[in-house]
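>>> just coords:
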């Protein structure tokens, strides 16, 4: 008897909850109907006013010059009101689309923390589409038990069409970095995620034929640079068609003259990269590049090819190395300052907006000193 009585309020509570939700949905539907009626009511009123004027107003029946001017003014006012009404509706839709795009941007390229396991981090991204804040570039930095793992990628194409590919690659990376003890395992999971994504898109667009060679999806690919930075600063990498990073130094005050004479900006390169994901199958062997240690105070500058491909009015490419040299001399390896200097020069060079998406990621080693054999740094391991 007690159990039955105890159950009655719970049933009533659930029923009351359902009734409350039902009333809220009904109110929302009523508000939506009212908005639709208001959206249609104003153009209808303007149209009725124009028809009434033409049929009932004596002035509209006259053929004199003044009557014709008055009739034209009435219809011009009605037409202008309709155009402004349509424009207002389109602007509301555009603002809604931009809010959705901003939400998608926040989920996909979520803000990076200022520091990850002793590495100072700064990143920025600019879409080539004026109406979209989402581009085809991607990046992520995650601290794991295997070290800090970094991905920088560039999807073929840009804007809203690239969101699905960015989501597939980043989602797979965020899971794989914790599960896979080695970088090749992470890359193979990214490749499988990319393959599944392309297959699903092909089926959606060509359900009867699968992956059609003439289908634009069949030509979609993403360049990827994977890095792993160990606790000792040792950097390993896998590169699938992506630009190699620069190493930045701020050691003008170094006590060793040999260290002071080093180039403050050096481009790293470790042979031919692997093919981009989605373009060709990965080879059986994935050669991991051992880049050497990232010294305390040194920074890595990762970027997408939209940076170097940006052109000015005369068709000249953006001088990235010169911009980095200027940034390092003014603010030695400060990630935020380097980022600000490069983006300021890039936007000035491209006259406001580059033709391709741009993403930049700066990682500075703020950890304690690392004992290195013979004072070598990671740049000594770079291929010429």
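Yep, that arrived. These figures come from a predicted structure and were not determined experimentally.
>>> what sits closest to residue 147 if chain neighbours are left out?
Spatially, and ignoring its direct neighbours in sequence, residue 147 is nearest to residue 230 (4.4 Å; Cβ to Cβ, 6 or more residues apart in numbering). From N, CA and C alone the C-beta is placed, and that goes for glycine too.
>>> next one: residue 173
Closest to residue 173 by Cβ to Cβ, 6+ apart is residue 151, at 5.0 Å.
>>> ok, now which ones touch the one you found?
With contacts defined as Cβ atoms under 8 Å, 6 or more residues apart in numbering, residue 151 is in contact with 138, 139, 140, 169, 170, 173, 190, 224, 225, 226, 227.
>>> where does the stretch 101-250 of the chain dip in pLDDT?
Applying pLDDT under 70 to the stretch 101-250 of the chain flags the ranges 101-109, 129-135, 157-161, 205-219, 250.
>>> ok, which stretches of it are helices?
163-179, 183-205 (DSSP state H, counting those that start in this stretch).
>>> report the angle between the shortest one and helix 183-205.
Direction vectors for helix 163-179 and helix 183-205, defined by axes from the mean of the first three to the mean of the last three Cα atoms, to 10 degrees, enclose an angle of 150 degrees.
>>> can you offset everything so residue one is 95?
Fine by me, first position is 95 from now on; the one you just mentioned is helix 257-273.
>>> helices or strands up against the helix or strand hosting residue 454?
Using DSSP states H and E, residue 454 falls within strand 452-459. When contacts are defined as 3 or more Cβ pairs under 8 Å, 6 or more residues apart in numbering; DSSP states H and E, strand 452-459 packs onto strand 213-220, strand 231-238, strand 241-249, strand 393-397, helix 399-402, helix 429-443.
>>> residue 357 is nearest to which of these?
strand 393-397 (13.4 Å; Cβ to Cβ).
>>> that closest one pairs with which strands, and in what direction?
Here strand 393-397 has these sheet partners by DSSP bridges: strand 340-342 (antiparallel), strand 452-459 (antiparallel).
>>> which one of those strands lies closest to residue 145?
Proximity to residue 145 (Cβ to Cβ) singles out strand 452-459 among the strands paired with strand 393-397, at 53.7 Å.
>>> residue 410: which of the helices and strands packed on strand 452-459 is closest?
The nearest among the helices and strands packed on strand 452-459, by Cβ to Cβ, is helix 429-443 at 8.2 Å.
>>> now the angle between strand 213-220 and the closest one, please.
Going by the same axes, to 10 degrees, helix 429-443 makes 20 degrees with strand 213-220.
>>> flag every buried residue along helix 429-443.
Residues 429, 431, 432, 433, 435, 436, 437, 439, 440, 443 are the ones in helix 429-443 that count as buried (16 or more other Cβ atoms under 10 Å).
>>> state the mean pLDDT of it.
Averaging pLDDT along helix 429-443 gives 91.
>>> what's that helix in contact with?
214-218, 220, 342, 393, 395, 401, 404-406, 412, 414, 417-418, 420-422, 424-425, 447-448, 452, 454, 456-458.
>>> re the thing from before, would you turn the helices and strands packed on strand 452-459 into JSON lines with distance to residue 185?
What follows is the helices and strands packed on strand 452-459, written out as JSON lines (distance: least, Cβ to Cβ, whole Å):
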{"stretch": "strand 213-220", "distance to residue 185": "23"}
{"stretch": "strand 231-238", "distance to residue 185": "28"}
{"stretch": "strand 241-249", "distance to residue 185": "29"}
{"stretch": "strand 393-397", "distance to residue 185": "35"}
{"stretch": "helix 399-402", "distance to residue 185": "29"}
{"stretch": "helix 429-443", "distance to residue 185": "26"}
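>>> re earlier: which of the buried residues of helix 429-443 lies closest to residue 250?
Once Cβ to Cβ is applied, the member of the buried residues of helix 429-443 that ends up nearest residue 250 is residue 440, at 21.2 Å.
>>> what about the closest one, distance to residue 232?
According to Cβ to Cβ, to the nearest Å, residue 440 stands 19 Å off from residue 232.
>>> cool, and residue 417?
For residue 417 relative to residue 232 (Cβ to Cβ), the value is 23 Å.
>>> neighbour count for those two, which is higher?
More crowded of residue 417 and residue 232, by other Cβ atoms under 10 Å: residue 232, with 25 against 20.
>>> beta partners for that one?
Residues in beta-bridge contact with residue 232 (DSSP bridges): residue 247.
>>> ends of stretch 358-374, how far apart?
37 Å (Cα to Cα, to the nearest Å).
>>> no wait, stretch 420-439
Span of stretch 420-439 from end to end, Cα to Cα: 10 Å.
>>> and the strand holding residue 454 with strand 231-238, angle?
20 degrees.
>>> averaged pLDDT, stretch 364-374. What do you get?
The model assigns stretch 364-374 a mean pLDDT of 87.
>>> list the buried residues in that stretch.
364, 367, 368, 370, 371, 372, 373.
>>> which residue packs closest to residue 417, ignoring adjacent ones?
residue 439 (4.6 Å).
>>> wait, I meant residue 376
residue 285 (5.2 Å).
>>> so who does that neighbour touch?
371, 375, 376.
>>> can you tell me which of those residues is nearest residue 335?
So of the contacts of residue 285, ranked by how close each gets to residue 335 (Cβ to Cβ), first place is residue 371, at 8.3 Å.
>>> shouldn't the closest one be in contact with residue 319?
No: applying Cβ atoms under 8 Å, one finds residue 371 not in contact with residue 319, separated by 11.3 Å.
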